[in-house]
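Trainee: Build me a structure from this.
(2 chains)
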Amino acid sequence: MRRSRFTVASALVGALALFTLAGCTTDPSVTAPTDDAGGDTSNEEEVEWFDQALYDEQDAQRGIAPEGPEDQPWLQYIDAEFVDTSEYASDGAKKGCFANASISNPWRQTGWITFNEQLKVLQDSGAISEVETRDAQDSDDTQIADIDYFIEEGNCDFFIISPNSTAAMTPAVERACDTGKPVIVFDRGVQTDCPVTFIHPIGGFAWGIDTAEFLIEELDEGATVVALRILPGVDVLEQRWAAAEKLFDEAGIEATDYFTGADPAEIKSIISDALATGDVDGVWMDAGDGAVAAIEAFEDAGVDYPVMTGEDEMSFLRKWEETGLTGLAPVYSNFQWRTPLLAAEMIFAGEEVPSEWVLPQSPIQAGELGEWLALNEGMPDGHYAKFGGEDLPGYPTVWEDRIIP
Amino acid sequence: MTATTTERTNAEQTSFGQRLADFGRTLVSPRGAVFLLLALLLIAITVLNPNFADPGQFIRFIQRTAPVAIVAIGQYFVIVGGELDLSMGSVVTAQVVIAGNLIGDDAANSLPVLGLMLVFGALIGVVNGLVVTMLKVPSFIVTLGMMLALLGGVLFWTGGAATGNPADEFREIGRGGIRGVPVLDIIPWSVIILAVALTAAIWFGRRPFGRSIIALGDNATTARYAGMRSSLVTISTFVISSLSATVAGVLLVGYAGVHPSVGRGYEFIAITAVVLGGVVLGGGRGWVVGAAAGAFALEALFTLLNFAGVPSTYRDAVQGVIIIAAVAYAATSFGTRRRRGRSETSLRQGGEGPTDPMPDAQPAPHIPSTQRADTTPTKGGS
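Mentor: Numbering: from 1, shown residues only, chains lettered A, B, ... in the order given. Have a look, this model is predicted:
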């Protein structure tokens, strides 16, 4: 009797341990599978994340000079096919409804602040009366309910949707389209082309190519690279790694990948262990969150800094400058948070917009580091250098104080 | 059996030779299994990577295990007292975020904020303990609620994203140490704090109050009949666990930095460590050193998988299976040991005498009804 009690207890603990160690499921920042590269992802059940056609397309887009206003990257576009929006043209201030996936990571928080500052400008100009926002807190179910609520009782003139995941959100986005009101999707995509415009930076493969090419160029064949990945199954992240892994393999770089959950303690332990087994020449990250912990692990071990790719988050840029390591900051353009509101303004003015609005996405190179640091001098560590809000009225205090609306 | 008849310790009656033999038995006994497992893991790591045995490397390993070991020590007191504390991980997270947000770049804030963190930690323990004892809500539910409340609070405060790291001076506690030490190169503060915590825990466990915790976990009814103020004991165990989570938070904010994911899952890792250390869920049995060793074994397992190059996609699964196997081994050998232990006892002593069948295996061998617990459920409500 006693023994069976204990066995039950052990099983319970074992189950708890599994639950914990596979713990990403409890992570509030978990994002379900997403797609940031167009509504043409038809291979949902495919385990392999590599997609040659998409890879080639994004590889090519990296080299294309974007069109549009020179000093406003959030209005620039690559490879655009314009759609006519005259059917939506109408006067007066419009009410927007924004179904947001979450603001649970510093990238989304920075963008959310920028979004609200852009909104103020458009409210002042009389284009938009208000935007009602519902935050799905990384939950597909919540976001579907949010979208349905907007359709039923939101009294919305237009919809902005930043999907939590691709497949799950598709039917809800289609229902929003069925209302006949313009729908604008940004960041991650959906599997339908019913939205008027889908706004996103080039994408994950471009990120992977930029970063891998940089490491391959800086390192010799046979060099060891530690790849720190946040979590599996999120296709915007998986595509970054799929591209990088392919290029590392081809170049003979020994890259080992680890899932970290962006937990700096875990990152530090992983790097320490890697350093204990041998030299680590490079560090590749699928997102910059936790980059500082990775660099500190090298400091604690008393070895030379690695060649490293992080992200344009200020914490990494500052540490990069401070340590003088050889680095690159890939960018998943944060300024895209301005574009949906501006697109709404254009749509109601009857101006044509790109049906797939591919924004520029260019990494910060060592040569530009000083410039970006100076531009964002008072900004907090979680701020993203290419947030693109310098001309908005709240600049810089709103971002400096990180007032999350 | 009452508490008074067991005041004499068996250790006093045992000769040195017997103690040595008992020590050998302890190693293969379930209570010693965790040390055996830890040794095996460390040997495996050293085989894969001989650098690991270098004292400088090894002390770093202890440094990074310190936070989770301290959490396991705190959890030990709660579990051995018959409860569970699921809020520890979120206390760590909350403390990390408090340190990051309130200290900021100003090192002068370090001491006041440290004080605040300790008060906050103690307060959470008191609330957990009060709800468990006064409102009679199972601790599983209370601390689960506390976990969610704290995580929600952190989410509300930070929006779920990292803020800046606190001043380097504060982070020195978890990151730095005494440098220039021969052989070791550095003695991290974490290691010293862990040593102090473990020593204090062992000492505390031998004090009457520490024994009361075990007695309470073993049989709450008996403990109350014996005149114990059980509410006070339970509340103290929750305060100990929250404070140990606070200390772990201070170390982690130094070691790793501020991120809402720091501390995530620590409550389960700590519970696993405690059970791996031979502590019985439900209370009444266990050794705090075993709990700490359990934490080291788990961290060693993580390191072993890193060194062995297990692919990232299924390393969680490998880790989980090994943990289940280890806990299951402890459970089975407990069963065997108990059956064998009973017959041995009857042979040696001609029946169930007051002497404990596993003297040194039990750091608190004189706890009432350990033997009785072999035949009846711990909380049989006698």
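Trainee: what distance separates the helix or strand harbouring residue A:319 from the centre of its chain?
Mentor: Per DSSP states H and E: residue A:319 is located in helix A:314-323. Remark: helix A:314-323 is offset 20 Å from the chain centroid, using C-alpha atoms, centre = their mean, to the nearest Å.
Trainee: what's the neighbour count on the residue lying closest to residue A:394 once chain neighbours are set aside?
Mentor: Nearest residue to residue A:394 in three dimensions, chain neighbours excluded: residue A:117, at 4.6 Å (C-beta to C-beta, 6 or more residues apart in numbering or on different chains). C-beta coordinates here come from the backbone N, C-alpha and C atoms, glycine included. Using other C-beta atoms under 10 Å in any protein chain shown, residue A:117 is surrounded by 21 other residues.
Trainee: CA atoms only: put whatever helix or strand residue A:117 lives in into CSV for me.
Mentor: Using DSSP H and E, residue A:117 sits in helix A:106-124. Extracted in CSV, the C-alpha atoms of helix A:106-124 (Å, rounded to 0.1, in the frame of the first residue of the first chain):
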residue,chain,number,x,y,z
PRO,A,106,10.4,43.1,-26.1
TRP,A,107,10.1,43.2,-29.9
ARG,A,108,6.3,43.3,-29.8
GLN,A,109,6.3,45.8,-26.9
THR,A,110,8.5,48.2,-28.8
GLY,A,111,6.3,47.9,-31.9
TRP,A,112,3.2,48.3,-29.8
ILE,A,113,4.5,51.6,-28.5
THR,A,114,5.3,52.8,-32.0
PHE,A,115,1.9,51.7,-33.2
ASN,A,116,0.2,53.9,-30.6
GLU,A,117,2.3,56.9,-31.4
GLN,A,118,1.5,56.5,-35.1
LEU,A,119,-2.1,56.2,-34.2
LYS,A,120,-2.0,59.6,-32.4
VAL,A,121,-0.7,61.3,-35.5
LEU,A,122,-3.5,59.8,-37.6
GLN,A,123,-6.1,60.7,-35.0
ASP,A,124,-4.9,64.3,-35.1
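Trainee: Next, the angle from it to helix A:314-323.
Mentor: 120 degrees (axes from the mean of the first three to the mean of the last three C-alpha atoms, to 10 degrees).
Trainee: got the buried residues for helix A:106-124?
Mentor: Within helix A:106-124, the residues scored as buried using 16 or more other C-beta atoms under 10 Å in any protein chain shown are A:106-119, A:121-122.
Trainee: Same question for stretch A:340-357.
Mentor: A:340-348, A:353-354, A:356-357.
Trainee: Just the ones of those residues in strands?
Mentor: A:353-354, A:356-357 (DSSP state E).
Trainee: CSV please, covering these and showing distance to chain B and pLDDT.
Mentor: Converted to CSV, those look like this (distance: C-beta to the nearest C-beta, whole Å; pLDDT from 0 to 100):
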residue, distance to chain B, pLDDT
A:353, 30, 95
A:354, 30, 95
A:356, 29, 94
A:357, 26, 95
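Trainee: Could you identify the pair within the residues you listed that is furthest apart?
Mentor: Greatest spatial distance among these (C-beta to C-beta): A:353 and A:356, at 10.1 Å.
Trainee: intersection of neighbour lists for these two?
Mentor: Overlap of the contact sets of residue A:353 and residue A:356 (by C-beta atoms under 8 Å, 6 or more residues apart in numbering or on different chains) consists of residue A:197.
Trainee: Kindly export stretch A:266-284 (C-alpha atoms) in PDB.
Mentor: Coordinates of each C-alpha in stretch A:266-284 appear next as PDB, following Å, rounded to 0.1, in the frame of the first residue of the first chain:
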ATOM      1  CA  GLU A 266      20.000  28.200 -19.600                       C
ATOM      2  CA  ILE A 267      21.900  30.100 -22.300                       C
ATOM      3  CA  LYS A 268      24.800  30.600 -20.000                       C
ATOM      4  CA  SER A 269      24.900  27.000 -19.000                       C
ATOM      5  CA  ILE A 270      24.800  25.800 -22.600                       C
ATOM      6  CA  ILE A 271      27.700  28.100 -23.600                       C
ATOM      7  CA  SER A 272      29.700  27.200 -20.500                       C
ATOM      8  CA  ASP A 273      29.300  23.500 -21.300                       C
ATOM      9  CA  ALA A 274      30.200  24.100 -24.900                       C
ATOM     10  CA  LEU A 275      33.300  26.000 -23.800                       C
ATOM     11  CA  ALA A 276      34.300  23.200 -21.500                       C
ATOM     12  CA  THR A 277      34.300  20.700 -24.300                       C
ATOM     13  CA  GLY A 278      36.400  22.900 -26.700                       C
ATOM     14  CA  ASP A 279      36.600  26.200 -28.400                       C
ATOM     15  CA  VAL A 280      33.500  28.000 -29.600                       C
ATOM     16  CA  ASP A 281      34.300  30.200 -32.500                       C
ATOM     17  CA  GLY A 282      30.900  31.600 -33.300                       C
ATOM     18  CA  VAL A 283      27.400  32.100 -31.700                       C
ATOM     19  CA  TRP A 284      24.300  32.200 -33.900                       C
END
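Trainee: related to what we said a few turns ago, what's the average pLDDT for the next helix or strand after the helix holding residue A:319?
Mentor: Next in sequence after helix A:314-323, counting helices and strands by DSSP H and E, comes strand A:327-328. The predicted model assigns strand A:327-328 a mean pLDDT of 96.
Trainee: Could you do stretch B:242-261 as well?
Mentor: Here stretch B:242-261 scores 92 as its mean pLDDT.
Trainee: Kindly report the same for stretch A:272-280.
Mentor: 88.
Trainee: Also stretch B:323-330?
Mentor: Computed over stretch B:323-330, the average pLDDT equals 78.
Trainee: Show me where the stretch 51-200 of chain A has its helices.
Mentor: Here the stretch 51-200 of chain A has its helices, by DSSP state H, counting those that start in this stretch, at A:52-62, A:106-124, A:140-153, A:166-178.
Trainee: can you list those in a markdown table and add mean pLDDT?
Mentor: A markdown table is the format used below for these (pLDDT from 0 to 100):
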| stretch | mean pLDDT |
| --- | --- |
| helix A:52-62 | 93 |
| helix A:106-124 | 94 |
| helix A:140-153 | 94 |
| helix A:166-178 | 92 |
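Trainee: low-confidence ranges in chain B?
Mentor: Scanning chain B with the threshold set as pLDDT under 70 gives B:1-14, B:23-24, B:26-31, B:159-163, B:330-382.
Trainee: Find the centremost residue of it, please.
Mentor: In chain B, the C-alpha nearest the mean C-alpha coordinate belongs to residue B:72, at 2.2 Å (C-alpha atoms, centre = their mean).
Trainee: Packing partners of the host helix or strand of that one?
Mentor: Per DSSP H and E: residue B:72 is located in helix B:55-80. Where contact means 3 or more C-beta pairs under 8 Å, 6 or more residues apart in numbering or on different chains; DSSP states H and E, helix B:55-80 is packed against helix A:264-277, helix B:88-103, strand B:185-188, helix B:189-206, helix B:208-218, helix B:230-255, helix B:266-276, helix B:288-308.
Trainee: What is the distance between the fifth one and the centre of its chain?
Mentor: Put plainly, it is helix B:208-218. 16 Å.
Trainee: next helix or strand past that helix?
Mentor: Downstream of helix B:208-218 (by DSSP H and E), the next one is helix B:220-225.
Trainee: Quick one: residues contacting residue 197.
Mentor: In the absence of a named chain, this looks at chain A. A:83, A:184-185, A:343, A:347, A:353-357.
Trainee: I was after chain B.
Mentor: B:70, B:73, B:244, B:247.
Trainee: what sits up against the helix holding residue A:319?
Mentor: A:288, A:291-292, A:295, A:299, A:305, A:308, A:310, A:327, A:329, A:364, A:369-370, A:372-373, A:376, A:379-385, B:162, B:164.
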